[in-house]
Structure formats: C-alpha cells, structure tokens
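> turn this into a model:
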Amino acid sequence: MDMRLVQLVFVAVISAIFTINSYANTLSVVTEESTLQYSKGNKVTGPATDLVKEVLKQAEMAGNFRIYPWPRAYKLAQTKADVLIYSMARTPQREHLFKWVGEVVPLDYQFFRLKRKTDVNPKDFTETKSYRIGTIKDGAIHNFLKKNGFSSISAASNEGAYIKMFMAGRVDMIIVNRSSLRKRCAVFKIDCSLLEPVLPIPQISTGLYMAVSKQTDDATHQKLINAYNKVKEHGTYAYIMRNELIQ
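Okay, here's the model as predicted:
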C-alpha cells in the first residue's frame, strides 16, 4: 500500500477515535434560571455554573449547558442518560432518584414575610399551613409543601415570578435560603429591608447539589465525584463560591 495512503488512513482512524471519545465524554447539563446560574447573552453563567465547569474540566469531560423551566430540567435528568443537573436540593425523596456528585452551596431555608404584613405571624410550622406560600412549580420546596399537607400554594414556573407575586402581596410568605437572600434582593431589585424571616425550616436545610441521572454509568459518576473532590481540596471551590458562602 502506498505510504501516503497509509498515512491518510491512520489520520482518519485517529480522528474518528477522537470524535467518539469526545462524544462519549460530553454530558447534557441542565439547570434553571436563578441567582446561582443564569443566562447572559447566549451563555449560561453564574457561580454554580463556574463550579460545574471546573468539575467537568477536572474530569476531562465537556458539557452542553441549557437553562430550562425547572419541571423540564428535572424530567430530563430523570429520564435520560448522561444528564447532569444543578443546583438541586438533596432531599430524602430524591436520594435514590439520582447519582449525587457534590454540594454546590449549603442551605438555611426560612419562611419570609413582608415586614408590613404583621398579620402573617405563624407561631410554629403547623400554623404556616394557613397562609398562602409562593414557590417554583415541581421544585424541592413545592414537593416539600405538598408532602406536608399545605393546600394554599401558588406555584410559578420560575423564581422571579413567585417573588413578584410575593412583593405584590398575592402570597403571604416565600421560602428562601437565608444566606442567599441579599444576592436575590440585588438580582430581582428588591429592598431587603422590606422582608424578614418568620420561621426556620430545618427539615429541608441540607444543601444544593449537582447530580447525574440514574441512567448515567457508574464510571462517569465516579469520575465526576473524584473531580469534585479535587476542586474542593485545591481550594477552587471556595474561590468560585466565595460570595455564596457568606452567612
């Protein structure tokens, strides 16, 4: 065989192998619009996104990032292989539905009211059920409220929508991670002094995580865990999430 032809065949084979390997190491990465991850121009950015990208880099994987309404992102991560989802509350109900990679931020969930609405004054968790609560449809908070017998729930498709309802007085309370309240006020142009915490919710104050779909193979899952641990150990996690870890 002509040496030039041999070289061309060799290059074609190597290119094919590279393409296959690249494809095999590319994940669909899904999330929702929030203060931790958001769209800017045609890109998905934000501190949680930067953290996921760093984990993928350490794992030598690529990611196709997409922002969807939470119900769609959640469904994709439940039904498709090779899907990474973030930032998702790690609840007992979800524990066996996904393969968990690592924590994005810790949570300190609290019921919040508008200061002017002094009549919204539950003394304990049971009394909160008599008020209308705003939240994201099919999110962890929504599922938590339904499971615990809340009947007056106003579920919106995104965070901005239910916060708008809250500020307009159409819902009595919202549930927010206290440590991220200041940033949420900045993003949604809200005066934080108009809000105040009512009651803590230790039942769901665990953490927001990144996870992969159950159908994703174990080798990929373990590779991502190892990469996440490296990012933590090297101090990159603390650097990326520094503004989110202020309590």
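> where does this protein have low pLDDT?
Applying pLDDT under 70 to the chain flags residues 1-24, 246-247.
> and residue 185, backbone torsions?
Main-chain torsions, residue 185, degrees, to the nearest 10: phi -60, psi -40.
> need the contact list for the closest residue to it other than its chain neighbours.
In space, residue 185 comes closest to residue 192 once its chain neighbours are excluded; the distance is 4.1 Å by C-beta to C-beta, 6 or more residues apart in numbering. All C-beta atoms are positioned from the backbone trio N, CA, C, and that covers glycine. Residues in contact with residue 192, defined by C-beta atoms under 8 Å, 6 or more residues apart in numbering, are 181, 182, 185.
> pairing partners for whichever strand or helix holds residue 87, with directions?
Using DSSP states H and E, the element containing residue 87 is strand 83-89. Partners of strand 83-89 in the sheet, by DSSP bridges, are strand 26-31 (parallel), strand 207-213 (antiparallel).
> what's downstream of the last one, the next helix or strand?
Just to be clear, that refers to strand 207-213. Once strand 207-213 ends, the next helix or strand along the chain (criterion: DSSP H and E) is helix 218-233.
> show me which of the contacts of residue 192 are buried.
Taking 16 or more other C-beta atoms under 10 Å as the criterion, what is buried in these is 181, 185.
> list the neighbouring strands of the helix or strand hosting residue 39 plus their orientation.
Taking DSSP H and E as the criterion, residue 39 maps to strand 38-40. Looking at strand 38-40 with DSSP bridges, its partner strands are strand 43-45 (antiparallel).
> and for the strand it pairs with, what's in contact with it?
Against strand 43-45 from outside (C-beta under 8 Å, 6+ apart): 29, 31, 37, 38, 39, 65, 66, 67.
> make sure residue 31 is actually in contact with residue 53.
No. Between residue 31 and residue 53 there is no contact under C-beta atoms under 8 Å: 12.0 Å.
> looking at those two, which is more packed in?
Looking at residue 31 and residue 53 with other C-beta atoms under 10 Å, you find the greater number of neighbours at residue 31, namely 26 against 17.
> show me what contacts that one?
Contact analysis of residue 31 by C-beta under 8 Å, 6+ apart lists 37, 44, 48, 49, 65, 66, 67, 68, 73, 85, 86, 87.
> give me the buried subset of these.
Among those, the ones that count as buried by 16+ other C-beta under 10 Å are 37, 44, 48, 49, 65, 67, 73, 85, 86, 87.
> assumed the fourth one was part of a helix.
Yes. Assignment of residue 49 by DSSP: H, G, I helix; E, B strand; the rest coil places it within a helix.
> that one contacts residue 65, correct?
Yes. Between residue 49 and residue 65 a contact is recorded at 6.8 Å, counting by C-beta under 8 Å.
> how about the strands in the chain?
Assigned by DSSP state E, the strands in the chain fall at 26-31, 38-40, 43-45, 62-67, 83-89, 98-106, 109-114, 133-136, 153-156, 173-177, 195-200, 207-213.
> identify the residues contacting the last one?
Going back to what we said before, that points to strand 207-213. Here strand 207-213 makes contact (C-beta under 8 Å, 6+ apart) with 27, 36, 48, 51-52, 55, 76-90, 98-107, 177, 220-221, 224, 228.
> now it - C-alpha only, CSV.
Extracted in CSV, the C-alpha atoms of strand 207-213 (Å, rounded to 0.1, in the frame of the first residue of the first chain):
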residue,chain,number,x,y,z
GLY,A,207,-27.7,21.7,50.6
LEU,A,208,-28.0,22.4,46.8
TYR,A,209,-26.1,19.8,44.8
MET,A,210,-25.0,18.7,41.4
ALA,A,211,-26.1,15.2,40.4
VAL,A,212,-26.3,13.0,37.3
SER,A,213,-29.2,10.9,36.0
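> give me the angle between that strand and strand 98-106.
Put simply, strand 207-213 runs at 150 degrees to strand 98-106, going by axes from the mean of the first three to the mean of the last three C-alpha atoms, to 10 degrees.
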